[in-house]
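> Sequence and predicted structure, then a few things I'm wondering about:
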Amino acid sequence: MATVDIDLPHVKDHDHDPHHHGPAKGLGRWLFTTNHKDIGSMYLIFSLCMFLIGGLMALVIRAELFQPGLQLVEPEFFNQMTTMHGLIMVFGAVMPAFVGLANWMIPMMIGAPDMALPRMNNWSFWILPFAFLILLSSLLMEGGAPNFGWTFYAPLSTTYGPPSTTFFIFGVHIMGVSSIMGAINIIATILNLRAPGMTLMKMPLFVWTWLITAFLLIAVMPVLAGVVTMMLMDIHFGTSFFNAAGGGDPVLFQHVFWFFGHPEVYIMILPAFGIVSEIIPTFARKRLFGYPSMVYAVASIALLSFIVWAHHMFTVGMPLVGEVFFMFATMLIAVPTGVKVFNWVATMFRGSMTFETPMLFALAFVVLFTIGGLSGLMLAIAPVDFQYHDTYFVVAHFHYVLVPGAVFGIMAGVYYWLPKWTGHVLNESLGKFHFWMSFVGVNITFFPMHFVGLAGMPRRIPDYALQFADFNSIASVGAFIFGLSQLIFVYNIIHNARVGEKATAQVWDGAHGLEWTVPSPAPYHTFSTPPKVD
Amino acid sequence: MTKALLALGLSLAGSSAMADWQVNLNRGVTEISNAVFDLHMLIFWICVVIGVGVFGVMFYSIFMHRKSKGAQAAHFHENTTVEVVWTVIPFLILIGMAIPATGTLMDMYDTSEADVDIQVTGYQWKWRYQYLDEDIDFFSNMSTPREEIYNEAGKNPNYLLEVDNPLVIPAGKKVRFLITANDVIHSWWVPHFAVKKDAIPGFINESWVRVDEPGVYRGQCTELCGKDHGFMPVVVEVKPQAEYEAWVAAQKAKQAALADAASQSYSIDELIATGEGVYQRVCAACHAPNGGGVPGAFPAITGSAIATGPIADHINIVANGKSGTAMQAFKEQLSAVDLAAVVTYQRNRLGNAVGDFVNPSDIQNY
């Protein structure tokens, strides 16, 4: 690795072992770093910032929806908030957080010294802040930010889109490039840099889920790039891909978008499956039940994700045969997902459980993700979906799988591995306080959305009929509880990560895996000589 | 835990159907909507049973198999029989759900042998209803006043779910809807009919309904269609056959009266007076009630080159729209009188003072 030579002058100052030197000093360390731990930290901090910005937008939405009538924002701005909230949470918060965890943990879990392609790793992180700077700057442009929903259906986003759409397209391209490079790097690392003896079927589940996720990313991010490029052509170069008046097809947009969009949904949940599959055995002090079936289940979910996209489009007027095919294919996903949930429960069964913060988040993940999964099964039934489609029932469903699903998964991972990163144990009481506030907040926010959705409230509306008022007020109160309790998380990380009690190498007494064999905090370079795995 | 709460909520909901705390789907008023409701409840209860089973075992483990109670971890980590069982059983349950669902879907798709055909067209942000067999064609705009939306007046019970011209259909007849859109994608939804179909420019989607019980049924647009997506309700009035026929006759008389009105001449003051109402109903959503527009999104009328330039250009853009923008062709939506009135109003009010006007008879040429 060439950077080792660049850093050499510093080695003399402070290091006794020329093969194990620390990071460079100052800003340059972060700009030019090729170290997987530095890049992992930057991804995670970036993702936390985006989570807070996207969260603020969610609070604007919930504040406006606290009561019927327009109080705080105009519909035009409301639509910009829903759009930006979705885009930022999906592409800015959840995805980079998983890439950050992958950067930190995958090399340490498979006994590799670093990622396989460290320079590309640096590049794939550093283009990301610019993508979001471009996207966020559109809020200040004339005509405002994108206002057509995170799904940006044409022709609302093409012929009828605001001028900032072009900046949005550019931003999406950069995010896509970043994701694809990250995915290539992860695949190259996992397939080439495993320690001797670490066969594929011995890899930790988190590594497995990321390997499969990375293939999904490589398969679908180019499709997203394609669809936004077609939009760009429609807007600026006179084509009519999505313009019916020019012989195009607005439904084509939805097919291409959801061919990306559905696998994207699994990109945001599979690594969380991996994290939870690491945490539950640790705190149940019992081996993961059904490891091979877990791997096969993740692989089948990933494969099925390519043939179910049109269940997002049951109301576009597909032929009957199409509806039936996509309904059956979607219902099939329940089988491997069920296998995963059953395996987690079987892992807990007859274990010896303790309930530290990471375990609490993991348990909440299992319960609340399952609720989201069951409402997903309801949504799969095409004739009933006509009643659910584009109502708050859908909003409730995907927030249950994304917030207490993906986001709780990420938080569980952070609480679980942070002592390894910083060398300090997090404050358990604060962690539990954060957990319970989040758990209560999330349910108060999203559970009533099932009710208003079933009662007939469409999504993406800034104002609503009077019969939806009560549950909307409750949801808004819950959103503020959930939002504010994330400040506990931020405080806990910043404060305790610096001054908390020293962590041992093992950290959690039931933890197994290579990452727990290195000291806490993990040295700047780990596994320069590969460990031997039996 | 939360599942049980939902179940409790659902049983309470049975007693008060339209309460503010409604937690479940409406059963609706058609055979299809009843079938959909039953499917929904079937799947819901299956989910509840699965949830109770899974969470039951999980909470049992959490309470019984905890270290603080001295639980020792067992060593098993696979069991082929169990794993095959919990793969196969869900698969069978799914087949059990898929069969009735497919049946209902097939009924929904059977649009043959309709008694009445109505074309439903989504516009930003209103619906147009054209009765294909009867020469009836009108637009349906939300009629909730601005003051109620901006909290300057109390909200009426049908807040945001009321329109000026509801769709009227006969009871007991099979009504087929041909659904399309003029600009962006909309979606036409009436929960009590279990009919939701996207309105897509360039496509015609079909759906149908047979309602036996006369009444007023309300729904909304359910596909994000721009700024006023939340303000384009659907209201359907189901009338007994005789009343429906009377309504059809009245509509035809109204259209004849409109044609007659178009041949009259009006003074500039009369036109401005009519034009103000038309402007606030049709134009103000984008160009703002005071004519100021929305900077960067929708141009102002006040001082605009078109509203203060040659009147022919002004009429042309109002009548034919501007392709590639949200400006629609209003000659289909407004009567000749309304068109003439609104053009005259825009040229002489909202901070403009051109002083000229146009009569309905001159509009026909555009």
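Structure received. The structure displayed is predicted, hence computed values, not measured ones.
> Report the separation between B:Val358 and chain A.
Counting by C-beta to the nearest C-beta, to the nearest Å, the gap from B:Val358 to chain A is 29 Å. No exception for glycine: its C-beta is placed from N, CA and C like everyone else's.
> Where does that residue sit: helix, strand or coil?
coil (DSSP: H, G, I helix; E, B strand; the rest coil).
> how far away is it from B:Ile315?
For B:Val358, the distance to B:Ile315 equals 6 Å [C-beta to C-beta, to the nearest Å].
> Now list whatever residues contact both of those two.
Both B:Val358 and B:Ile315 are contacted by B:Val343, under the criterion C-beta atoms under 8 Å, 6 or more residues apart in numbering or on different chains.
> For the residue in the stretch 151-300 of chain B positioned nearest to chain A, give me its contacts.
Nearest residue of the stretch 151-300 of chain B to chain A: B:Gly202, at 2.4 Å (C-beta to the nearest C-beta). Counting by C-beta under 8 Å, 6+ apart, B:Gly202 touches A:Ala244, A:Ala245, A:Gly248, A:Asp249, A:Pro250, B:Thr180.
> Where do the strands of chain B begin and end?
With DSSP state E as the criterion, chain B has strands at B:116-123, B:126-131, B:136-140, B:167-170, B:174-181, B:186-190, B:195-199, B:205-210, B:215-221, B:233-239.
> Dump the ones you listed into CSV; add distance to chain A and mean pLDDT as well.
Below are these laid out as CSV (distance: least, C-beta to the nearest C-beta, whole Å; pLDDT from 0 to 100):
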stretch, distance to chain A, mean pLDDT
strand B:116-123, 12, 96
strand B:126-131, 15, 96
strand B:136-140, 17, 92
strand B:167-170, 17, 97
strand B:174-181, 8, 97
strand B:186-190, 6, 97
strand B:195-199, 5, 97
strand B:205-210, 4, 96
strand B:215-221, 5, 96
strand B:233-239, 8, 97
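> Adding distance to A:Phe46 and mean neighbour count, write those strands out as a markdown table.
Converted to a markdown table, those look like this (distance: least, C-beta to C-beta, whole Å; neighbours: other C-beta atoms under 10 Å in any protein chain shown):
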| stretch | distance to A:Phe46 | mean neighbour count |
| --- | --- | --- |
| strand B:116-123 | 40 | 21 |
| strand B:126-131 | 44 | 21 |
| strand B:136-140 | 48 | 18 |
| strand B:167-170 | 51 | 22 |
| strand B:174-181 | 40 | 22 |
| strand B:186-190 | 36 | 28 |
| strand B:195-199 | 37 | 26 |
| strand B:205-210 | 43 | 21 |
| strand B:215-221 | 37 | 21 |
| strand B:233-239 | 42 | 22 |
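> Next, format the ones you listed as TSV and append distance to B:Asn158.
Output for those, formatted as TSV (distance: least, C-beta to C-beta, whole Å):
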stretch	distance to B:Asn158
strand B:116-123	21
strand B:126-131	16
strand B:136-140	14
strand B:167-170	15
strand B:174-181	22
strand B:186-190	14
strand B:195-199	20
strand B:205-210	21
strand B:215-221	7
strand B:233-239	8
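> Select, out of these, the one closest to A:Pro530.
Among the strands of chain B, strand B:195-199 comes nearest to A:Pro530, with 55.7 Å by C-beta to C-beta.
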